[in-house]
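Engineer: got a predicted model here, sequence first, then my questions.
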Amino acid sequence: MFNEQELKEVEGFKRGSNFIEVKCGCTSKKFGDTIGKLRVYTNGKFMISCDCTPTCHEEKMTPYDFEKHSSKEGTKNWKNHIWVVINNKKVPIWRTALLKYYKHASNGANGQSTAQSKRFFHRDEFISCSKCKKERRFRLRTEEEFRNYHDASIARRWRCASWPYGKITCLDDEERASRKSCRGCPRSLTCKGCTTCVCFGCLKCRFPNCRCRTCVDFMQNAEP
């Protein structure tokens, strides 16, 4: 099925029994490049495993999910935003031979991401600094990010200096209101909260080793 001649120049190219694998990525103006491995299966399915950090264990993401995971700003168009490397240059997938192997039916009904279909997506949240009162964004994509947000949310006096994504102080500006309205909901960019992106408790955002009342109640009452 795969024409190795037209794909061998793609960086990270490997051939498996029923798939090919290449290095891919998606770039956010704020957070930089998120690197992953794209597998294209013979049935036309695209799946991406993320290599953004050593602690990230996100695997088997759809391209839609990977674009969300990278915190890419603006309108969602993974075929244009996700790239591969050819001759040391980032090339959008739509401009490569890879896209012709993509089959819509193999990648979920109506093109939905796994986050949409399983409703396990968590929107970005904000926490106010106890000193300057400025709100700071917390992304909820990886296990580490869930725990960072949870610990910050129950801290009595959380401050800007403890923000986990970089070194900031109370002197740094907070996000503009227009940017704050975009919290990553896969249904709508400016969603104010819906059943797709608002979670009232799951095993991703509640922790059995935490003794806060929220986690204890969830672990005692949640269905197995």
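Structural biologist: Structure received.
Engineer: what are the contacting residues of stretch 158-175?
Structural biologist: Applying C-beta atoms under 8 Å, 6 or more residues apart in numbering, the external contacts of stretch 158-175 come out as 31, 127-132, 134-139, 145, 148, 152, 155. The way it works is simple: take the backbone N, C-alpha and C, and place the C-beta from them, glycine included.
Engineer: just the buried ones from these?
Structural biologist: A residue is treated as buried here by neighbour count (16 or more other C-beta atoms under 10 Å); on that basis the buried members of the contacts of stretch 158-175 are 31, 127, 129, 134, 136-139, 145, 148, 152.
Engineer: so which bits of stretch 8-20 are buried?
Structural biologist: Burial within stretch 8-20, assessed by neighbour count using 16+ other C-beta under 10 Å, is assigned to 10, 19-20.
Engineer: off-centre distance for it?
Structural biologist: Relative to its chain's centre, stretch 8-20 lies at 24 Å (C-alpha atoms, centre = their mean, to the nearest Å).
Engineer: pLDDT on that stretch, on average?
Structural biologist: Confidence over stretch 8-20 (mean pLDDT, whole number) is 88.
Engineer: beyond the lowest-mean-pLDDT helix or strand in the chain, next helix or strand please.
Structural biologist: Considering only helices and strands, the least confidently modelled element of the chain by mean pLDDT, DSSP states H and E is helix 114-118, at a mean of 44. Taking DSSP states H and E as the definition, the helix or strand that follows helix 114-118 towards the C-terminus is strand 125-128.
Engineer: distance from the chain centre to that next one, please.
Structural biologist: Worked out by C-alpha atoms, centre = their mean, strand 125-128 lies 18 Å from the chain centre.
Engineer: before we move on, the earlier item: between the buried residues of stretch 8-20, which is closest to residue 82?
Structural biologist: Minimum distance to residue 82 across the buried residues of stretch 8-20 is 12.8 Å, recorded for residue 10 (C-beta to C-beta).
Engineer: phi and psi next, for the spatially most central residue of the chain.
Structural biologist: Nearest to the centroid of the C-alpha atoms of the chain, with distances taken as C-alpha atoms, centre = their mean, sits residue 69, at 1.2 Å. With angles defined as degrees, to the nearest 10, residue 69 shows backbone torsions of phi -60, psi -30.
Engineer: then residue 147?
Structural biologist: Torsion angles, degrees, to the nearest 10, at residue 147: phi -70, psi -40.
Engineer: ok, now which ones touch it?
Structural biologist: Under the criterion of C-beta under 8 Å, 6+ apart, the contact list for residue 147 reads residue 207.
Engineer: any idea how far it lies from residue 37?
Structural biologist: Applying C-beta to C-beta, to the nearest Å, one obtains 25 Å for the distance of residue 147 from residue 37.
Engineer: before we move on, what about residue 14?
Structural biologist: Relative to residue 37, residue 14 is positioned 9 Å away (criterion: C-beta to C-beta).
Engineer: joint contacts of these two?
Structural biologist: Once C-beta under 8 Å, 6+ apart is applied, the residues that residue 14 and residue 37 both contact turn out to be 21-22.
Engineer: pLDDT weak spots in this structure?
Structural biologist: Per-residue confidence of the chain (counting by pLDDT under 70) places the weak regions at 1-5, 75, 104-106, 108-120, 222-224.
Engineer: that one: strands as residue ranges?
Structural biologist: In order along the chain, the chain carries the following strands (DSSP state E): 14-15, 19-28, 32-41, 46-50, 82-86, 89-92, 125-128, 135-138.
Engineer: highest mean neighbour count out of the ones you listed?
Structural biologist: The highest mean neighbour count among the strands of the chain, using mean count of other C-beta atoms under 10 Å, belongs to strand 46-50: a mean of 22.
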